[in-house]
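Trainee: Fold the following, please.
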Amino acid sequence: MHPQIILECANAHDGNYKVLKETVNFFSKITYKNLGIKFQPFSADTLATEKYKWFKTYQILEFNETQWRKILKLSKEKYNHVWIDIFDEYSIKILGQNLKFIDGLKLQSSILENKKIFHYLLNLKIQNKKLILNISGKSIQQIKKILENFKKISNKIILQCGFQDYPTEIKETNFNKVIKLNSLFPNYEL
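Mentor: Residues are numbered from 1 along each chain as shown. So this is what the prediction gives:
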């Protein structure tokens, strides 16, 4: 089996929908059997307050519901799997409107204990969707509680841990944590 490769678009489009569409088309030409793509739908209004210094930048980077529907539909036609990050109520709305185009979700460590987001996901009944849960910075007890909760949402959970710094030195990657997590949580992908 070929490992999944997920191309993360993040905000490389700079809020330009044409660039996002070109990116989807360009990278879909890669010939790999298990290629996916991941997006970050969000709304400035639900992600931050107007006083936050990056609020106006978030406004520039966001796309409307129709644009997301078109991009997710196009991506589903061109990739083996399509993922989105869940940040806020807007990303939940995009997920709910486009369930048939989305194969998996990623939740950052900071969102895992957000009860509002958790209940929205629970109500969507997405047991067949893959969930990447970023457990970086979480204790073993916290991870157990997180898994106990998210098993109610999906039976396809992938644990992710890491350290984001560029460039990341090998000693900062905490690869030894993967071995420990694998022994403690053998029923989950890492």
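Trainee: Next, give phi and psi for Y52.
Mentor: phi -70, psi 140 (degrees, to the nearest 10).
Trainee: which of the residues in the biggest helix by length in the chain are buried?
Mentor: In the chain, assigned by DSSP state H, the helix with the most residues is helix 65-78. Neighbour-count burial for helix 65-78 flags W68, I71, L72, L74, S75, K76 (criterion: 16 or more other CB atoms under 10 Å). Every residue, glycine included, has its C-beta placed from N, CA and C.
Trainee: So which residues of this protein form helices?
Mentor: 17-27, 44-47, 55-61, 65-78, 89-97, 115-124, 140-150, 175-184.
Trainee: With mean pLDDT and distance to M1 as added columns, please give those in CSV.
Mentor: Output for the helices of the chain, formatted as CSV (pLDDT from 0 to 100; distance: least, CB to CB, whole Å):
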stretch, mean pLDDT, distance to M1
helix 17-27, 98, 21
helix 44-47, 92, 36
helix 55-61, 96, 35
helix 65-78, 98, 21
helix 89-97, 96, 27
helix 115-124, 95, 27
helix 140-150, 95, 24
helix 175-184, 82, 18
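Trainee: Buried deepest among these, which one?
Mentor: Of all the helices of the chain, helix 89-97 carries the top mean neighbour count, a mean of 19, counting by mean count of other CB atoms under 10 Å.
Trainee: Report all helices and strands that that one contacts.
Mentor: Here helix 89-97 touches helix 44-47, helix 65-78, strand 81-86, helix 115-124, going by 3 or more CB pairs under 8 Å, 6 or more residues apart in numbering; DSSP states H and E.
Trainee: circling back to that earlier point, E8: which of the helices of the chain is closest?
Mentor: Comparing the helices of the chain against E8 with CB to CB, the closest turns out to be helix 17-27 (10.7 Å).
Trainee: how big is the angle separating the closest one from strand 81-86?
Mentor: Interaxial angle of helix 17-27 relative to strand 81-86 (axes from the mean of the first three to the mean of the last three CA atoms, to 10 degrees): 140 degrees.
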